[in-house]
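J.: I'd like to go over a predicted model; first the sequence, then the structure.
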Amino acid sequence: GAGVSQSPSNKVTEKGKDVELRCDPISGHTALYWYRQSLGQGLEFLIYFQGNSAPDKSGLPSDRFSAERTGGSVSTLTIQRTQQEDSAVYLCASSLAAAQETQYFGPGTRLLVL
Amino acid sequence: SQQGEEDPQALSIQEGENATMNCSYKTSINNLQWYRQNSGRGLVHLILIRSNEREKHSGRLRVTLDTSKKSSSLLITASRAADTASYFCATGRGAQKLVFGQGTRLTINP
């Protein structure tokens, strides 16, 4: 079956612009996660959605970052007023249910802020 | 902040040899997972070991977990060129966020 998909694969933007990154989880997976991978910080958790519960936003680095998940499926991560330090690979993952610990990752979006 | 630390940071071996990577972590966990990443993109889940398990096998992979030492090891036997990748351990509590180590970059030389 189809895995987690993300779009775009690559995004180049200018400092100060807003960007939207999209994640399509595996069908039927109720849990969705965003992570960021950068050279200096490794892999960092950003935000977690589980069903209709309030998301865990504890990993978002600043209020310029936000995410939503519509209809319990597709998720969009928005970065406002991008900064050069936002350059990273943004990875999305999904898992079957709250009790399912294996997370399946998408290919990521490589963001470069000039 | 990173929970786990992998050791070594980089490992280069000949094809056919075994590769061993280690991971240490700091807090109590429910499970520990190993992932592989090729070319800095998506992570592929390899194996999950629960806190009440000590050893687990999957094909050429063998994972051990020592909760008293807060450490785990990943052994890849009879390595192949296709095993060249970065390997990450990640600790989890339930279904929430995974906390990753910095990874081991493994190179298999033909």
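T.: Now that the structure is in, tell me what you want to look at.
J.: contacts and neighbour counts: CA atoms only from here.
T.: Will do.
J.: mind listing what's buried in stretch A:95-111?
T.: By neighbour count with 16 or more other Cα atoms under 10 Å in any protein chain shown, stretch A:95-111 contains the buried residues A:95-97, A:101-111.
J.: Low-confidence stretches in the chain?
T.: I'll assume chain A. A:1, A:40, A:98-100 (pLDDT under 70).
J.: please go with chain B instead
T.: B:1-4, B:40, B:93-95.
J.: ok, residue 24 - contacts?
T.: Because you didn't say which chain, this covers chain A. A:4, A:5, A:6, A:73, A:74, A:75 (Cα atoms under 8 Å, 6 or more residues apart in numbering or on different chains).
J.: hmm, I had chain B in mind actually
T.: B:4, B:5, B:6, B:70, B:71, B:72.
J.: and the gap between it and residue A:69?
T.: 34 Å (Cα to Cα, to the nearest Å).
J.: Now name the helix or strand holding whatever residue of chain A ends up closest to chain B.
T.: Chain B sits closest to residue A:107 of chain A, with a gap of 3.9 Å, by Cα to the nearest Cα. For residue A:107, there is no enclosing helix or strand under DSSP states H and E.
J.: what's the closest non-adjacent residue to it?
T.: Using Cα to Cα, 6 or more residues apart in numbering or on different chains and skipping the chain neighbours, the partner closest in space to residue A:107 is residue B:42 (3.9 Å).
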